[in-house]
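Enquirer: just need the structure, nothing else, for what follows:
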Amino acid sequence: MEEKWKNLTYKHRNPHLTTLHQVLSKYWPAFEAFSTANGESVGVALKREIKKYLECGIYKHGVVRIKCVNNDCEHEKLLAFSCKTRGFCPSCYAKRSFQTAEHLVENVLPACSYRQYVLSFPVQLRWLLCRDKKIFKRVHRIVIQEIQGFYKSLENDGETGGVNFVQMFGSSCSFNLHFHLLLCDGVFLKATGGGRWLFREVELTKQDVDNILLRIIIRIARFLKKLGIDVEGEEELSAVVPRSIKVKSSDKIQLLAERKPRLLAEMDGFSLHAERRINALDRKGLRQLIEYQTRGPISEERLRVVKTGEIELKLKTRWKDGTTHIKMDPLSFIRRLSQIIPPTYLNMVRYFGFLAPASPSRRSLILNQTKKIKVKKDPTAITLVEDMEWAKLLAKVFKLDVAHCPRCSSKLRIVATIHREDEITRYLKHTGQMQTGPPEQIPTHFESTNDILSQIA
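Expert: Got it, this is the predicted structure:
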């Protein structure tokens, strides 16, 4: 493993050459014009998300200058700022996914078995949860109470807990708000006469999953009925669903026999999947599961622009009808992206049970029980690159040591932060890193914005 990464060095990723960046930079103005022409407002949050993504990793929008501490070497380079958005940026999502998995596995989640619960909602209810903060919180509380209630019904004095990762998207990059819950597959019991905790595993059956989902549906229906909302999807729910998008499915493959999961319940548009289980010794599998639960909606490897100018998206897993790819025009693709951006109030990672911040049992049950004290650093002191979180992350995941100089293996330090575009351009020209030509153009058969607008309408 060490030999594989031994000679690798950090290189700028050039985001402006990726398919996603080129599509957004080319067609975002057309999408704004189309939305305005149809009386649809483009929200401030969406504009900010797109703007930050288009600036992510681009030198002219801000850089950090780092330099080798060895005066005889004087090797230096620039590192571009990232957008740190929550919408769809593949780079920032990948970094956040690795960081979340690393933190939970190394510091938080105790050594026990875990089970993943995936809860999906009816289409109309998904939009209602996204639009209304109070309804989302109440529905989330109902789901947590019912799943935890199953475990606590076996041991009244037991403690259980977990993390809920809220996802806004499906495999086709369409809006699909659903829950990925990572829960201890059992209960913690306080040992008699001591401070130790004992873990008791619980056997989950198909009947248990059916009962959990049934109770969730009944409680959600009662709650919505109190608010005067028809859970069957009458006018109240239909009004919140936005205009649908037509896409083309392609590349059909021969249908194979579907293996239906054993622990799966489906009722009235709801579904609860609880097949995936991680045993107590499989920490690597636990890390991989968390990375999957916190993954981003788009992967550059699955996205391309075909000769007709349409966007082709390869599905992560084929659909039941055999579809492996879907095609859509650029504006429909951007509309899909706009619908999967989380609302500003929505916390995408939510702890519950003994992992909740206010739980009295949290301190004694989490993996790393040492109290962390934040020490304010001297602002005049030299900041080494190895102290930065992203450097530790690259060293951990890719065995790529960006904290040391590739020439003399000395340490690197941060020299300056540059925000002015003219200063960045002067530095890039001086070091020969300035881009000499335009980025590769994406294929298109649309001659103008009016042409694509007429085809979408």
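Enquirer: centre of the chain to the helix or strand hosting Ile414, how far?
Expert: Per DSSP states H and E: Ile414 is located in strand 412-418. When C-alpha coordinates are averaged (CA atoms, centre = their mean, to the nearest Å), strand 412-418 and its chain have centres 30 Å apart.
Enquirer: flag every buried residue along it.
Expert: Under the neighbour-count criterion of 16 or more other CB atoms under 10 Å, strand 412-418 has Leu412, Arg413, Ile414, Ile418 buried. For every residue, glycine as well, the C-beta is placed using N, CA and C.
Enquirer: now do the residue lying closest to Ile298 once chain neighbours are set aside, the pLDDT please.
Expert: Nearest residue to Ile298 in three dimensions, chain neighbours excluded: Phe88, at 5.3 Å (CB to CB, 6 or more residues apart in numbering). If you check Phe88, the pLDDT there is 91.
Enquirer: over to Leu119?
Expert: The pLDDT attached to Leu119 in the predicted structure is 97.
Enquirer: do the same with the one 10 residues further on
Expert: In the prediction, the pLDDT value recorded for Leu129 is 92.
Enquirer: what about it, distance to Leu346?
Expert: Distance of Leu129 to Leu346, given as CB to CB, to the nearest Å: 9 Å.
Enquirer: between these two, point out the one with more neighbours.
Expert: When neighbours are counted by other CB atoms under 10 Å, Leu129 and Leu346 differ, and Leu129 comes out ahead with 23 against 17.
Enquirer: contacting residues for the more buried one?
Expert: For Leu129, the contacting residues are Phe121, Ile135, Phe136, Val139, Leu177, by CB atoms under 8 Å, 6 or more residues apart in numbering.
Enquirer: flag every buried residue along the helix or strand containing the second one.
Expert: The one in question is Ile135. Assigned by DSSP H and E, Ile135 falls within helix 133-152. Neighbour-count burial for helix 133-152, counted by 16+ other CB under 10 Å, picks out 135-136, 138-140, 142-144, 146-148, 150-151.
Enquirer: just give me the closest of these to Arg48.
Expert: Comparing the buried residues of helix 133-152 against Arg48 with CB to CB places Phe136 closest, at 21.7 Å.
Enquirer: for the closest one, which non-adjacent residue is closest in space?
Expert: Leu129 (4.6 Å).
Enquirer: next one: phi and psi at the one you found?
Expert: Leu129 adopts backbone torsions of phi -60, psi -40, taken as degrees, to the nearest 10.
Enquirer: hmm, back to that, got the contact list for the residue nearest to Ile298?
Expert: Taking CB under 8 Å, 6+ apart as the test, what Phe88 contacts is Leu20, Tyr53, Gly296, Pro297, Ile298, Leu337, Ile340, Ile341.
Enquirer: cutoff 6 Å now
Expert: Phe88 makes contacts with Pro297, Ile298, Leu337, as judged by CB atoms under 6 Å, 6 or more residues apart in numbering.
Enquirer: same thing with Ile290?
Expert: Ala101, Leu104.
Enquirer: a strand runs through it, doesn't it?
Expert: No. Counting by DSSP: H, G, I helix; E, B strand; the rest coil, one finds Ile290 to be helix, located in no strand.
Enquirer: name the helices or strands packed onto the strand holding Ile414?
Expert: strand 63-68 (3 or more CB pairs under 6 Å, 6 or more residues apart in numbering; DSSP states H and E).
Enquirer: now do the strand it packs on against strand 412-418, angle only.
Expert: 150 degrees (axes from the mean of the first three to the mean of the last three CA atoms, to 10 degrees).
Enquirer: by contact count, what packs against strand 63-68?
Expert: Packed against strand 63-68 by the contact rule (3+ CB pairs under 6 Å, 6+ apart) you find strand 76-80, strand 412-418.
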